[in-house]
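> Generate coordinates for the sequence data below:
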Amino acid sequence: MSQRAQVQDRAAGGGREPFRAMWDTLLPIGRDPDGAGWVRYGFSPADLACRDWFTEQATARRLSVETDRNGNLFAWWGDPAAGDAVVTGSHFDSVPHGGAYDGPLGIVSGLLALDLLRQRGAEPRRPVAVAAFAEEEGSRFGVACLGSRLLTGALDPDTARGLTDSDGLTLAAAITGAGHDPEALGADPQRLARIGAFVELHIEQGRALADLDAPVGVASAIWPHGRWRLDITGEGNHAGTTRMADRRDPMLTAAYAVLAANKEARLRGGHATVGRIEVTPNATNAVPAAVSAWVDARAPDDDTLAGLVEAIRVRAAERAGRDGTSATMTAESLTPVVEFDTGLRDRLAALLGGAPVLPTGAGHDAGVMSAHVPTAMLFVRNPTGVSHAPAEAASDADCAAGVVALADVLQDLAC
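Below is the predicted model of the structure:
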């Protein structure tokens with residue numbers, strides 16, 4: 001273990017039990033009964049149970065809790081109206097059958113960091129809050145960082161209200177069922193202006209910290225990333241009577257496009273993933289009439305990402321010409337590269353004893369917030385390197401080290 005890691009581990013030593021005790025109260029919510037991860041879609045019963053848990057935890061700590069017009073939760077220590085607040089937090093919602101730590105770790109750590117500040121006798125001169133943002137993963141309504149995008153004005157409220165889940169339920173209906181007013185959705189510049197800095201703690205989505213033997217790191221930037229829908233149409237027909245030479249099979253085009261996305265990403269040092277496909281009519285004994293595939297693409301810089309997406313589009317179109325199908329690629333979301341506030345990043349890295357500074361290929365609410373307030377991120381070591389899956393993990397000692405690091409940051413910024 002490196003000297004830096006030993007120092008952080010000793011600092012967190014007394015915090016393992018408080019972390020585990022609090023973590024265990026949240027862990028059962030939304031857990032798949034068969035052990036296949038967690039299912040906490042935005043505004044689902046599991047997500048609402050997490051929000052109730054948050055309110056109970058915050059109230060027990062004498063924090064004032066409020067829900068903004070977009071369903072984001074804030075637990076305040078101090079008067080939010082005073083402005084220039086230091087806010088930390090993350091999200092509760094998950095991808096389908098995701099891991100336990102992605103999102104909730106940042107919220108639990110924020111509450112425990114406030115406990116630690118009080119134990120130290122710290123008195124904030126700036127208001128401090130722990131936030132729980134709504135629908136960060138976009139797994140239910142298809143738009144990532146929904147709550148923070150609405151808060152900052154990055155997403156049109158009319159568009160948001162019309163978003164639907166896989167059952168056809170609109171976001172407007174879902175939030176109405178959760179007790180919120182869908183007509184209130186939209187930018188909230190007054191609330192945003194109260195925030196002077198935002199720091200999100202998150203489990204690392206990769207193995208960089210494990211390789212560096214460091215329990216905690218600081219983010220430098222978020223890769224540009226986006227989601228594109230590839231719609232391929234052909235001719236539906238009978239699987240048993242249609243000669244191979246006569247087929248106009250969109251599944252062939254889709255399969256080629258998936259392989260092409262993989263190759264083009266590898267050639268450019270980026271990432272391309274097709275994790276969702278819809279087939280019409282989706283019958284075993286039918287040649288499909290249409291296939292829609294969603295491409296998640298990411299790259300180290302904006303130009304590389306643009307080149308990657310264009311290459312996938314061209315390769316799919318060329319293959320469609322050979323298959324007798326048509327292929328159209330449409331952007332559903334696009335987030336340019338996010339460079340976190342340099343001064344804040346360097347301040348945090350120095351404060352934490354020269355903690356490693358590293359980029360991430362994953363999007364976060366911090367990336368959305370960074371366009372409006374000085375923003376930074378802390379990462380906690382993930383020895384498996386797995387994310388968005390049940391094998392995602394962090395030791396109690398590293399999580400406790402993250403709490404100590406976050407408390408140090410909040411004390412430095414707010415006290």
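
> Quick one: list the elements packing against the longest helix along the chain.
For the chain, the longest helix by residue count, based on DSSP state H, is helix 302-323. Counting contacts by 3 or more Cβ pairs under 8 Å, 6 or more residues apart in numbering; DSSP states H and E, helix 302-323 is packed against strand 225-233, helix 250-268, strand 290-298, strand 326-335. (C-beta placed from N, C-alpha, C; glycine too.)

> tilt between it and strand 225-233?
Angle, helix 302-323 to strand 225-233, by axes from the mean of the first three to the mean of the last three Cα atoms, to 10 degrees: 10 degrees.

> now the angle from helix 302-323 to strand 326-335?
Going by the same axes, to 10 degrees, helix 302-323 makes 160 degrees with strand 326-335.

> quick one: buried residues of helix 302-323?
For helix 302-323, a neighbour-count test (16 or more other Cβ atoms under 10 Å) marks 304-305, 307-309, 311-313, 315-317, 319-320, 323 as buried.

> Show me which of these is closest to R247.
The shortest gap between R247 and any of the buried residues of helix 302-323 belongs to D323, at 8.2 Å (Cβ to Cβ).

> got a list of what that closest one touches?
Taking Cβ atoms under 8 Å, 6 or more residues apart in numbering, we find D323 in contact with 234, 248-250, 252-253.

> can you do 10 Å?
232, 234, 247-254, 256 (Cβ atoms under 10 Å, 6 or more residues apart in numbering).

> Likewise for P18?
By Cβ under 10 Å, 6+ apart, the neighbours of P18 are 112, 115-116, 119, 396, 400, 403.

> and A208, how far is that from L358?
Distance check for A208 against L358: by Cβ to Cβ, to the nearest Å, it reads 5 Å.

> just V199 next, same as before
Distance, V199 to L358, using Cβ to Cβ: 16 Å.

> cool, and R276?
Separation of R276 from L358 (Cβ to Cβ): 28 Å.

> Mind checking which of those two has more residues around it?
Between R276 and L358, counted using other Cβ atoms under 10 Å, L358 has the larger neighbour count: 17 against 14.

> where does that one land in three-state SS?
Assigned with DSSP: H, G, I helix; E, B strand; the rest coil, L358 falls in the strand class.

> And for the one 10 residues further on?
When the structure is split into helix, strand and coil by three-state DSSP, V368 lands in helix.

> got it, and H202?
H202 - assigned by three-state DSSP - is strand.

> do the same with G343
What three-state DSSP gives for G343 is helix.

> Is it correct that it is in contact with A349?
No: assessed by Cβ atoms under 10 Å, G343 is found out of contact with A349, at 11.0 Å.
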